[in-house]
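Asker: how does the following fold in three dimensions:
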Amino acid sequence: MLIAFNKPYGVLCQFTDRSVPPRPTLALFELPPRVYAAGRLDHDSEGLLLLTDDGALVHRISHPRHTLGKRYWVQVEGDPGEDQLRRLRDGVSLNDGLTLPAEARRIDAPPMLWPRDPPIRVRKTVVDAWLELRIHEGRNRQVRRMTAAVGLPTLRLVRHAIDRWQLDGLQPGEWREVSPQG
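Answerer: The predicted structure follows:
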């Protein structure tokens, strides 16, 4: 079984939390029993999370050796210039090494994007823009660190695809079973 889930902002990619008070987890969403996240999505990121009860499939989806492409919509602070986009495309030097090259392009705000709760703080004197990034790694907070390294801090981060699996209209907190073949 493979589940596509639209993880809301502020939800942990696990079923329990020992924090006091506990933070929201996947247990809130009536997911099928015995499924586990194939990869992670940060607490403050949103979008596609794949869950499965198949350990081999978890490995195929999440292990870096398989280099499945992950596509993100990224709202950044600033006005991305061609030099910044080129740096993302060439690979960015982070404290844990050089990233693999990314596909990076400026886009209009995604029309099918839901409002975030809580909303992004809007500042009239600060320009923001949207990018679409496709990466083949999964380092900790990688997209946020990449955009920050080129002078474009991330305001909002939404993963909309992992390889051939996509959100396809799922709203935050919704899920559906998908084919492991895509």
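
Asker: report the distance from the helix or strand encompassing residue 57 to the chain centre.
Answerer: Element membership for residue 57, per DSSP states H and E: helix 55-62. Relative to the chain's own centre, helix 55-62 is displaced by 18 Å; criterion: C-alpha atoms, centre = their mean, to the nearest Å.

Asker: buried set for it?
Answerer: 58, 60, 61, 62 (16 or more other C-beta atoms under 10 Å). No exception for glycine: its C-beta is placed from N, CA and C like everyone else's.

Asker: mind giving me the packing neighbours of the following helix or strand past that helix?
Answerer: Using DSSP H and E, the next helix or strand after helix 55-62 towards the C-terminus is strand 70-77. Counting contacts by 3 or more C-beta pairs under 8 Å, 6 or more residues apart in numbering; DSSP states H and E, strand 70-77 packs against strand 128-135, helix 142-149, strand 154-162.

Asker: direction included, what does the helix or strand just after the longest one pair up with?
Answerer: Proceeding N to C from strand 154-162, the next assigned helix or strand is strand 165-166, under DSSP H and E. Paired neighbours of strand 165-166 in the sheet (DSSP bridges): strand 154-162 (antiparallel).

Asker: which residues sit against the partner strand?
Answerer: 39, 41-42, 44-50, 61, 68-77, 110, 113, 116, 120, 128, 143-144, 147-148, 166-167 (C-beta atoms under 8 Å, 6 or more residues apart in numbering).

Asker: quick revisit: quick one: which of the buried residues of helix 55-62 is nearest to residue 134?
Answerer: Proximity of the buried residues of helix 55-62 to residue 134 (C-beta to C-beta) peaks at residue 61, which lies at 15.8 Å.

Asker: just for this structure, where's the confidence low?
Answerer: Low-confidence segments of the chain (pLDDT under 70): 66, 182.
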